[in-house]
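Engineer: sequence and computational prediction follow.
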Amino acid sequence: MTGPNAFVRQELISALPPPLMASGVVLWLRQRLFSGVFNSVLTVVSVALLAALLWPTIRFLLIDAVWSGSSREACVGQAGPVGACWPFITAKLTQFAYGIYPETEQWRVDLTYLIGVALLVPLLVPRIPYKIANAFLFFAAYPVLAYLLLVGGYENIGLPHVETRLWGGLLVTLVISFMGIIGSLPLGILLALGRRSDLPIVRMLSVIFIEFWRGVPLITVLFFATYMLPFFLPESWKIDPLARVLIGVTLFAGAYMAEVVRGGLAAIPRGQFEGSTALGLGYWRTMIFVILPQALKHVIPGIVNSFIALFKDTTLVLIVSIFDLLGQLRAGFADQNWITPATLFTGFAFAGIIYFAISFAMSRYALYTEQRLAVPR
Amino acid sequence: MRRRSADGVISGPPRIPFYNNPRIRGVLYQLILLAALIWLAYEFVINVRANLAAQGFSSGFGFLGNTAGFGVSQSLIAYSESDSYGRVFVVGLLNTLLVSAIGIVFATLLGFVIGLARLSQNWLVARLAGGYVEVIRNLPLLFQILFWYLAVLGTLPLPRQSFSVFGQVFLNNRGVIVPAPLFGEGASYVGGACLLGILATIALARWARHRQDLTGKQFPVFVSGIGLIIGIPFLVLATLGFPISFETPQLRGFNFVGGIRLIPEFIALLIALSTYTAAYIAEVVRAGVQSVPHGQSEAALGLGFKRGLLLRLIVVPQALRVMVPLLTNQYLNLTKNSTLGVAIGYPDLFGLFAGTTLNQTHQAIEVIAITMAVYLVISLVTSFVMNWYNMRLRLVER
């Protein structure tokens, strides 16, 4: 058939791998890290920076750390570099968590947390039904229950009174954040509606209220609530210091919340108002059944972001002598038994991890809802 | 207008009871609200008077003239313990403005660097910047202030073992000591020369724009402006024989003499405020740059713009429209957050006035009202200026 020199290959050659420099990891590295001299220098500097930051931190927190002991002796006087002094945290853990809440009553705090988590988790997962009932339980029934549990005053059923003076640590941080949240949301909604109202006096008062609280620093609000508020009230009213702070935080956060909600209201098309008016709904029914459900859904990320700000701002109460987590931490530093070179960094690392974890979780949740609610374009 | 016709059918619009008329209702609601507020205010006044009388505190603003009798660790103007509370107020206000102004400068610089780094093509750089923003924004500011003050600056060595930077700047647990400028004879002319340079630059810019409008020729305003602003003062300095010198701090005994000591409270507050606000500014910068549609850059490149001009004439002006209000907001936040210095004892307006003065005079109402008013005025003035600026920058749609 063919000449003796002809050769016809019978099967396909297997494909060559793509050139190494133009695919996969190598390409990615070339494009994203070493695309030029300047970029390469940046990469090298970044790696050095990262190493200089991470390695000492890991060494301090884990490798060189002291894990057990009962006093400062455990954390000093050893050869080699001193790492984190974790026994300090272990020793102070109850104070960080409960302040000086009586030890025999601390189960009440734990129980409150437990109920809170049990109500909060189903609220956050979109797939679980009964959202309205759940929200009612969490925002209306739970605070009452928590108040009864934490404050007590019922000797006969085993809930003796615990003064808020004894509260402290994470308990105070969470109580202020939570009460601030459930107080500021309704206040913010009312103020936002007031600011968009047709009634001139209502509108003016809302604007003044919102701009006033937004214009002053939170710490002046706390001072106002702690030192000035008692003068305004009848002498017979003895307001608990924690309650005063709660009032201040709520007013302040409410003004910020109002602006977030206003953004949501502004996004509702006019037709919605006109439609519900045409159906014969009055102002409040229009708002409650038509406008607010849509508006609030729009601004869930903004609301969560205000919650994050509020959570971080609770630390300010230590300036008016209420010992939240940061306040307890600072008090712990003053303990003569635990003064070591590593105590400060250990304490800040511990509190920092807690603050970061809670804020970061909230911000991720905001991002998640934002993506879930986003209209696909 | 209801009429009954012959066959008994009612016609015409139905009569609405007055309390169902929305307009009358609105007026009624507002009157009730006003009455409630007036009653509340009345109650407050009554209570305040009763409480003040019961506790025997004086009231009024007369205390501002009384002798303060306490020392202040940092003051920009001459201050002694025998000065009045009014002067304490001024000292505090200046300290607040000082830390805010310097903080704003640092926060802006750092924020722009980090914001642009977050947009970098370089994956690692973008991630590092992102990590910075996440960590800083998710930790409370007060936590960071205390961290810098107690853990970082508090653990610096004693003055005798100070860290030294080129033998000029010293770091120890009493603060940072930097060389102090000594102004000789004629040094004050330098300030005037700077001003002259700035004025000359403005005039030059106007002339260059005018000429470009007429002839289309461009003039390197930026370079010549820098030359004018630096060159004129330098010439003045040279002719006067350099009357400005620096006094290096010296260790004598247990402490330093000479130089300027920046107190650790100031340093800690400044670092914390700058790094914290920088994380927010970085986000503002990112939002601003990303708000300019990519098509704008592509179109400009298509028209033959060079990279620098593209940024200067196309991207930056459009990004600024988004960024400026947000930036101002951050600057205001920084100023308001400077009150947190009270936790570490920085003598700002809040610490000196609502802190020490309140403790000594017990005039809570006056002191807190004054303090709140100052911050309120700063906020409101800034937002009025901002609204005016926004009006000017607003997109004019044709």
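Structural biologist: Everything's here; your move.
Engineer: quick one, helices of the stretch 201-350 of chain A?
Structural biologist: In the stretch 201-350 of chain A, the helices defined using DSSP state H, counting those that start in this stretch lie at A:218-223, A:229-232, A:241-266, A:270-278, A:283-285, A:292-298, A:300-313, A:325-333, A:343-373.
Engineer: my error: substitute the stretch 251-398 of chain B in the last question.
Structural biologist: With DSSP H, counting those that start in this stretch as the criterion, the stretch 251-398 of chain B has helices spanning B:264-291, B:294-302, B:307-309, B:316-337, B:349, B:358-361, B:364-393.
Engineer: wait, which of these is closest to A:Gln10?
Structural biologist: A:Gln10 lies closest to helix B:294-302 among the helices of the stretch 251-398 of chain B, at 51.5 Å (CB to CB). For glycine as for every other residue, the C-beta is placed from the backbone atoms N, C-alpha and C.
Engineer: got the CA positions of the closest one in CSV?
Structural biologist: Only the C-alpha atoms of helix B:294-302 are listed here, as CSV (Å, rounded to 0.1, in the frame of the first residue of the first chain):
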residue,chain,number,x,y,z
HIS,B,294,-14.4,50.8,35.2
GLY,B,295,-15.7,52.2,31.9
GLN,B,296,-14.6,55.7,32.9
SER,B,297,-10.9,54.5,33.1
GLU,B,298,-11.3,52.5,29.9
ALA,B,299,-12.8,55.5,28.0
ALA,B,300,-10.0,57.8,29.3
LEU,B,301,-7.3,55.3,28.3
GLY,B,302,-9.1,55.1,24.9
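Engineer: in chain B, which segments are predicted with low confidence?
Structural biologist: Applying pLDDT under 70 to chain B picks out residues B:1-14, B:186, B:394-398.
Engineer: is A:Ser68 in a helix, a strand, or coil?
Structural biologist: coil (DSSP: H, G, I helix; E, B strand; the rest coil).
Engineer: save the helices of the stretch 201-350 of chain A as TSV, and put in mean pLDDT too.
Structural biologist: Compiled in TSV, the helices of the stretch 201-350 of chain A are given as follows (pLDDT from 0 to 100):
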stretch	mean pLDDT
helix A:218-223	91
helix A:229-232	83
helix A:241-266	91
helix A:270-278	91
helix A:283-285	88
helix A:292-298	86
helix A:300-313	90
helix A:325-333	89
helix A:343-373	90
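Engineer: most tightly surrounded among those helices?
Structural biologist: Mean neighbour count, computed with mean count of other CB atoms under 10 Å in any protein chain shown, is highest for helix A:218-223 among the helices of the stretch 201-350 of chain A, reaching a mean of 25.
Engineer: other residues contacting that helix?
Structural biologist: Under the contact criterion CB atoms under 8 Å, 6 or more residues apart in numbering or on different chains, helix A:218-223 has outside partners A:213, A:245, A:248-249, A:251-252, A:313, A:316-317, A:319-320, B:336, B:339-340, B:342, B:350, B:354, B:358, B:368, B:371-372, B:375.
Engineer: taking the stretch 151-300 of chain B, what residue is nearest to chain A?
Structural biologist: As assessed by CB to the nearest CB, chain A sits closest to B:Ala151 within the stretch 151-300 of chain B, at 4.2 Å.
Engineer: let me see the ranges of the strands in chain B.
Structural biologist: B:3-4, B:10-11, B:163-165, B:169-172, B:175-178, B:180-183, B:244-247, B:250-252, B:255-257, B:260-262 (DSSP state E).
Engineer: looking at those strands, which is buried most?
Structural biologist: strand B:175-178 (a mean of 22).
Engineer: that one packs against which elements?
Structural biologist: On a contact count with 3 or more CB pairs under 8 Å, 6 or more residues apart in numbering or on different chains; DSSP states H and E, strand B:175-178 meets strand B:169-172, strand B:260-262, helix B:264-291.
Engineer: distance to B:Thr67 added to the ones you listed, as JSON lines?
Structural biologist: Converted to JSON lines, the helices and strands packed on strand B:175-178 look like this (distance: least, CB to CB, whole Å):
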{"stretch": "strand B:169-172", "distance to B:Thr67": "34"}
{"stretch": "strand B:260-262", "distance to B:Thr67": "26"}
{"stretch": "helix B:264-291", "distance to B:Thr67": "24"}
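Engineer: ranking the ones you listed by burial, who's on top?
Structural biologist: Sort the helices and strands packed on strand B:175-178 by mean neighbour count, taking mean count of other CB under 10 Å, and helix B:264-291 sits at the top with a mean of 22.
Engineer: next one: it to chain centre, how far?
Structural biologist: Here helix B:264-291 is found 11 Å from its chain centre; the criterion is CA atoms, centre = their mean, to the nearest Å.
Engineer: ok, and does it reach over to chain A?
Structural biologist: No: applying CB under 8 Å from any CB of the partner chain, one finds helix B:264-291 separated from chain A by no less than 10.3 Å.
Engineer: contacts only, for the closest residue in space to A:Tyr130 that isn't next to it in sequence.
Structural biologist: Distances taken as CB to CB, 6 or more residues apart in numbering or on different chains put A:Pro122 closest to A:Tyr130, at 7.9 Å, once the chain neighbours are dropped. Remark: with contacts taken as CB under 8 Å, 6+ apart, A:Pro122 is in contact with A:128, A:130, A:134.
Engineer: show the buried residues in the residues you listed.
Structural biologist: Neighbour-count burial (16 or more other CB atoms under 10 Å in any protein chain shown) applied to the contacts of A:Pro122 gives A:Asn134.
Engineer: now the contacts of A:Pro122 as a markdown table including pLDDT?
Structural biologist: Shown next, in a markdown table, are the contacts of A:Pro122 (pLDDT from 0 to 100):
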| residue | pLDDT |
| --- | --- |
| A:Ile128 | 84 |
| A:Tyr130 | 85 |
| A:Asn134 | 88 |
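Engineer: quick check: residues of the stretch 101-250 of chain B near chain A?
Structural biologist: Counting by CB under 8 Å from any CB, the residues of the stretch 101-250 of chain B close to chain A are B:120-125, B:128, B:134-135, B:137-143, B:146-147, B:150-151, B:154-155.
Engineer: give me that answer again for 7 Å
Structural biologist: Residues of the stretch 101-250 of chain B lying close to chain A by CB under 7 Å from any CB of the partner chain are B:121-125, B:128, B:134-135, B:138-140, B:142-143, B:146-147, B:150-151, B:155.
Engineer: now, which of the residues you listed lie within helices?
Structural biologist: Applying DSSP state H to these, the entries found in helices are B:123-125, B:128, B:134-135, B:142-143, B:146.
Engineer: name the nearest of those relative to B:Leu204.
Structural biologist: Ranked by distance to B:Leu204 (CB to CB), these are led by B:Val125 at 37.6 Å.
Engineer: ok, that closest one to A:Ala15 distance?
Structural biologist: B:Val125 sits 36 Å away from A:Ala15, taking CB to CB, to the nearest Å as the criterion.
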